[in-house]
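>>> sequence first, predicted coordinates after that:
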Amino acid sequence: MRDCGEKQFVPSLCSAFALVERAVISSFHFATQNDSWDIRRRYNDFSQLHQRLGKFLEGEPNVILPPKRVWGNQSERVISQRRVQLQEYLVRVLEIFDPLNTSEHKQTNDSSPYNTLTAFLQLPAPPAI
């Protein structure tokens with residue numbers, strides 16, 4: 001993981017997860033030099049993110065979304081493994097697409113990976129110049 005002083009994201013696992021209507025909600029904490037916040041996401045949210053980033057991730061063998069499990073996906077062992085795998089996925093994606101890099105935002109459209117990540121991470125839009 002990176003040092004928070006680098007003005008890049010540092011995702012870390014929160015210690016809690018919740019079962020809500022038979023769905024596992026994972027919490028992730030993010031920090032930058034100036035701010036920190038939490039997001040809560042279901043596996044489906046990550047799957048949709050991966051689908052939207054699909055063409056941008058071609059040729060990136062280290063960006064692997066953990067497979068969907070139909071049975072046994074709510075055991076503590078599976079939940080713990082998946083949370084670690086989702087964190088690794090986020091770290092890899094953020095190494096490729098840094099949504100804090102405003103020069104990249106200026107050169108992209110609404111379906112860019114930067115804007116997709118901005119929405120997923122609940123970041124405010126970069127200031128217009």
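Everything's here; your move. Residues are numbered from 1 along each chain as shown.

>>> any stretches of this protein with poor pLDDT?
Along the chain, the parts satisfying pLDDT under 70 run over 1-22, 70-73, 101-110, 124-129.

>>> quick check: His29 touching Ser36?
Yes - using CB atoms under 8 Å, His29 is in contact with Ser36, at 6.7 Å. Where C-beta positions appear, they are placed from N, C-alpha and C, glycine not excepted.

>>> what segments of the chain are helices?
43-53, 76-96, 102-106, 113-120 (DSSP state H).

>>> most tightly packed of those?
Looking across the helices of the chain with neighbours counted as mean count of other CB atoms under 10 Å, the highest average goes to helix 113-120: a mean of 19.

>>> which strands or helices does it pack on?
Secondary-structure packing of helix 113-120 (3 or more CB pairs under 8 Å, 6 or more residues apart in numbering; DSSP states H and E): helix 43-53, helix 76-96, helix 102-106.

>>> hang on, the earlier thing: got CSV for the helices of the chain, with distance to Pro66 too?
Below are the helices of the chain laid out as CSV (distance: least, CB to CB, whole Å):
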stretch, distance to Pro66
helix 43-53, 8
helix 76-96, 4
helix 102-106, 27
helix 113-120, 17
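
>>> nearest to Val63 among the ones you listed would be which one?
helix 76-96 (4.5 Å; CB to CB).

>>> now the angle from that closest one to helix 113-120?
Helix 76-96 runs at 140 degrees relative to helix 113-120, counting by axes from the mean of the first three to the mean of the last three CA atoms, to 10 degrees.

>>> just the CA trace of helix 76-96, in PDB.
The C-alpha coordinates for helix 76-96 follow below in PDB (Å, rounded to 0.1, in the frame of the first residue of the first chain):
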ATOM      1  CA  GLU A  76     -17.000 -16.100   7.500                       C
ATOM      2  CA  ARG A  77     -14.000 -17.700   5.700                       C
ATOM      3  CA  VAL A  78     -15.400 -16.900   2.200                       C
ATOM      4  CA  ILE A  79     -16.400 -13.300   3.300                       C
ATOM      5  CA  SER A  80     -12.900 -12.700   4.700                       C
ATOM      6  CA  GLN A  81     -11.200 -14.100   1.600                       C
ATOM      7  CA  ARG A  82     -13.400 -12.100  -0.800                       C
ATOM      8  CA  ARG A  83     -12.800  -8.800   1.100                       C
ATOM      9  CA  VAL A  84      -9.100  -9.200   0.800                       C
ATOM     10  CA  GLN A  85      -9.500 -10.100  -2.900                       C
ATOM     11  CA  LEU A  86     -11.700  -7.100  -3.500                       C
ATOM     12  CA  GLN A  87      -9.200  -4.800  -1.700                       C
ATOM     13  CA  GLU A  88      -6.400  -6.200  -4.000                       C
ATOM     14  CA  TYR A  89      -8.600  -5.600  -7.000                       C
ATOM     15  CA  LEU A  90      -9.200  -1.900  -5.900                       C
ATOM     16  CA  VAL A  91      -5.500  -1.400  -5.300                       C
ATOM     17  CA  ARG A  92      -4.600  -2.700  -8.800                       C
ATOM     18  CA  VAL A  93      -7.400  -0.600 -10.500                       C
ATOM     19  CA  LEU A  94      -6.300   2.500  -8.600                       C
ATOM     20  CA  GLU A  95      -2.600   1.900  -9.700                       C
ATOM     21  CA  ILE A  96      -3.800   2.000 -13.300                       C
END
